[in-house]
Each structure stands twice: as structure tokens, then as C-alpha cells.
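A.B. asks: With the sequence up front, the predicted model follows.
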Amino acid sequence: MDKQAWDNVHTQFNSCALTGAAAFFAGIPDSAVVVNGPLWCYFYALRYIERACPTVGNRFYCTQPDNNAVIYGTEDCLMEILEVIREKSKPSVLFIENSCAISLIGDDVAGIAKQANLSCPVVSLDSGGIKGTFSEGYQAGAKAYFSKIPLQSRGEARPRTVNLLGCTLGYYNAANDIEEIKRLLALAGYQVLACPGAGSSTEEIAAMTKAELNIVIHEELGDGIAQYLQKEYGMPYLSLLPPYGMEGSMRWLRTIGQIMWMSDASFAPVLQEIDDLSKKMDGAILDMQRIWGDLWFDQTLIAATSSIALGIAEALRLEWIDTGFLSVILQNGILSNAVPDCIDRILSGQGDSQAIESQLAGLTGGLLLGSSNEKALLQQKAVPNVLCQNIALPVYDEIILSTRPFMGIRGACHMNERLWNQYISRCQQGV
């Protein structure tokens, strides 16, 4: 590996395709997952997922192939695990994924699974790290599911119903964000039928064809799935940046309303809540401005997956703070979302390592919204007085146990609260 490639690796964070595919199936509560690979791969994926799904270990298995199995095949160790699942568990769907090393053997995993006489459908996939990143594994897992398990025929759609695509509990604070999106849609008169890979059962996923519209929340996870469902079932979809900020949430809802022919009257409850919370928030912020001054940063840097980074950047610039130069690092390197005009510089976490290090080194006195990975780089470079907020994994210095989303109306209050409280704390320290 040359120096440039190594620099690109050690300045960005992204989980592997095995973790992404496992995360999709772990998000189906009546599924079971088998990692056909070593304990290292198993525990890495399990640890990543169980932060948001503490009980997932009860339906997450590993074959633990030995050296002989890696050479001669994993049939024996895989059959042993499948027998345990058949006797002790009754999942609605079983997902078997091969790790990098096992993918090279060429085992007929689907054929081996047939010998186990399981009562549920089995989805198999080669999804090791060499197959790509978290988002690529997630999409591969989702497409494998929909290819193997047919949905109900489309028929007549139920009015004011939607599905949420590209959601995962594998993103930071995702469970709170998903609940806020559902609450926001319900407040505007919509019903969410299914959220595949983020809490919906196989039964709910099967009936998702009755929805009027599929809404893609995270483009890097859901766009390919939406296109597949449109092609196979004729389901229309809408792909937008996630709803961050109060104004951003209202724009998001209005765009959906235009597609679904919703009248302005349907947004009245949402507008009322925004008005009530805005008055409360504006009054509190005004008091703090009189004491501590404006929430201003010469430079702001945001680092997260593309949908999150771009969505937060727009809300940050237009609603939450005053800032000079605004840079965004897209951790997954994907840039198919429309880039908001308010962003001054876009960097790829997959290839712009030198520019990223330079941006971090010049962030003195600025604002960083990212992960513990970017914080570690700041510490290595001894960059002083940077206000940091966690919005992406990995996170090693914060826990969120209460219902405090980043997205939606309540998320706007939470983000303002976090930013102002940390800014005030820094002012009190005299830095």
C-alpha cells in the first residue's frame, strides 16, 4: 500500500460490508444472522450493532471455522450452527453471510442451508470487507432480502401511507432520529407502514407495497433499494436530505406533500408545534446572547456520512449558528445528493486525506461536528480550543440514553441546546 492510500485509510472511519449487511438484517426483529467466519469478524459486527440493539446477541451467531475449514470448506461448522437455530430459535428469515476469507472458498452456502431443513427462508451473501463499506454491504443485504422474499402484490395503495428506506440503527443516535421522523410524519397526517432494516418485521415489510410512496432517508443506504422496488413493484420514491432543523423539517414535509397532494391544512399541527417551540427557544437563546454574545465560529467542519453531513450543514448554516468558512467531509466519499449552496468546501473521506489533515490543523477556535476519529486527529495535532459535537460513529466520550434526536423539530431543539451549552462552558473557561 502506497503512502497516499495509507493516509486515506487512517484519516477516515467506515465499517465493512459484512457489518452493513448484518445491520440490515439485525434491524428485522424476527430474523437471525449467521456470520460464517472467524470470531474477529463476528465480534466486530456484533459490537457495532448491539450499541443500538442490546439484545441482538440472542439471534446473532458465528460458525468459528478452524484452519482446516478455511481450506476444505465450512459445511460441518455451518451445519452445527444451523441445527442449533432449528432447535432453539424460530426466525422468520435467516441471513448467512460469508466473511472475506470464507468467500474465497466457494462453499455453496444456500445448498448447505437446504440440508438443515429450516422452516424459514434463507438469504446468503458474500459480504466481507473486500466487498466494500458499510453502506455497500447494507444495500447488498437489502437487495438480497427483497430478491429472495417476494412482497405482496402492489394493488391499490392506502392513502397517506409511506415507507422509510435507507434507515439503520447502525448510525449514531439513529433510533431517536427514526422515531422523530415517524412522529413528524404522523403529526402531518401520514402513516409509516414499514421501515426495512430499522425495526419492521418480515410481515410489515411484506405489506409495504400498499404504501403510496417510499421516502429515502439516507441516500447512501436507500437509493438503490428504492430503485429496485420501483422497478419490481412500481413503487414511486422520493430521495431527500434528512430533515434537520425546524425550517428544514418543514421544507421536507412540504416536498412530500407536493408529491402526495396534501393540502396546507394538514401541516397545521406541525406549524403550531414549530411556533410554540421557536418562541421558547428564541427567548432562551436571546437571554444567552445578552450574556455570552452570538454563537459564532470563524470555521466549522462537519464529518459524517454524506446524507447526515450535508443535511446538518444546511441546518447549521441556515438556522443554528453563525459561521465563517463551512467545510464538509463525506466519510463514505459518496456525493450523489445535491450539495446545498451554503457549503464552502466538500472533501471526500475516502481520498482527500492531506486536505482533511490540513483542514483539521487550521480549526483553532472553531467548531467540529463529527466523530471521535476526527477528535483524535485534533489531539494528535494539538489543535486548541475546538468545540466538538458528536454526530457520527465512532463515539467514545458520550452516551445518549434519553429520547434526544438530531433530526426533526425536537432534534432542532436538542442540537441548539448542545451547541449553546458547550459554547457557554467554553466561554466560562475563558477560551
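C.D. replies: Everything's here; your move. Remember, it's a predicted structure, so these values are computed and weren't measured experimentally.

A.B. asks: Buried ones in the helix or strand where residue 419 lies, by neighbour count?
C.D. replies: Element membership for residue 419, per DSSP states H and E: helix 408-428. Within helix 408-428, the residues that count as buried by 16 or more other Cβ atoms under 10 Å are 408-416, 418-420, 423. No exception for glycine: its C-beta is placed from N, CA and C like everyone else's.

A.B. asks: and what of stretch 296-303?
C.D. replies: So stretch 296-303, judged by 16+ other Cβ under 10 Å, has buried residues 297, 299, 300, 301, 302, 303.

A.B. asks: isn't residue 221 right up against residue 168?
C.D. replies: Yes - counting by Cβ atoms under 8 Å, residue 221 touches residue 168, with 6.1 Å between them.

A.B. asks: so where's the chain uncertain?
C.D. replies: Scanning the chain for pLDDT under 70 picks out the ranges 1-14, 128-130, 334-337, 431.

A.B. asks: Okay, domains of it per the record?
C.D. replies: As given by automatic domain parsing, the domain ranges for the chain are 14-148, 161-268, 278-428.

A.B. asks: could you redo those domains as JSON lines and give each row distance to residue 155?
C.D. replies: JSON lines is the format used below for those (distance: least, Cβ to Cβ, whole Å):
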{"stretch": "domain 14-148", "distance to residue 155": "18"}
{"stretch": "domain 161-268", "distance to residue 155": "7"}
{"stretch": "domain 278-428", "distance to residue 155": "31"}
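
A.B. asks: list the contacts for residue 428?
C.D. replies: If a contact means Cβ atoms under 8 Å, 6 or more residues apart in numbering, then residue 428 has no contacts.

A.B. asks: Report the separation between it and residue 204.
C.D. replies: 49 Å (Cβ to Cβ, to the nearest Å).

A.B. asks: Please apply the same query to residue 253.
C.D. replies: To residue 204, residue 253 is 23 Å away according to Cβ to Cβ.

A.B. asks: Then residue 75?
C.D. replies: Separation of residue 75 from residue 204 (Cβ to Cβ): 34 Å.

A.B. asks: Can you show me the strands along this protein?
C.D. replies: 31-36, 60-62, 93-98, 122-126, 161-165, 191-194, 213-216, 237-239, 296-304, 322-330, 345-348, 367-370, 387-390 (DSSP state E).

A.B. asks: Save the ones you listed as a markdown table, and put in distance to residue 181 too.
C.D. replies: Formatted as a markdown table, the strands of the chain follow (distance: least, Cβ to Cβ, whole Å):
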| stretch | distance to residue 181 |
| --- | --- |
| strand 31-36 | 22 |
| strand 60-62 | 26 |
| strand 93-98 | 25 |
| strand 122-126 | 27 |
| strand 161-165 | 7 |
| strand 191-194 | 8 |
| strand 213-216 | 9 |
| strand 237-239 | 13 |
| strand 296-304 | 17 |
| strand 322-330 | 22 |
| strand 345-348 | 25 |
| strand 367-370 | 20 |
| strand 387-390 | 20 |
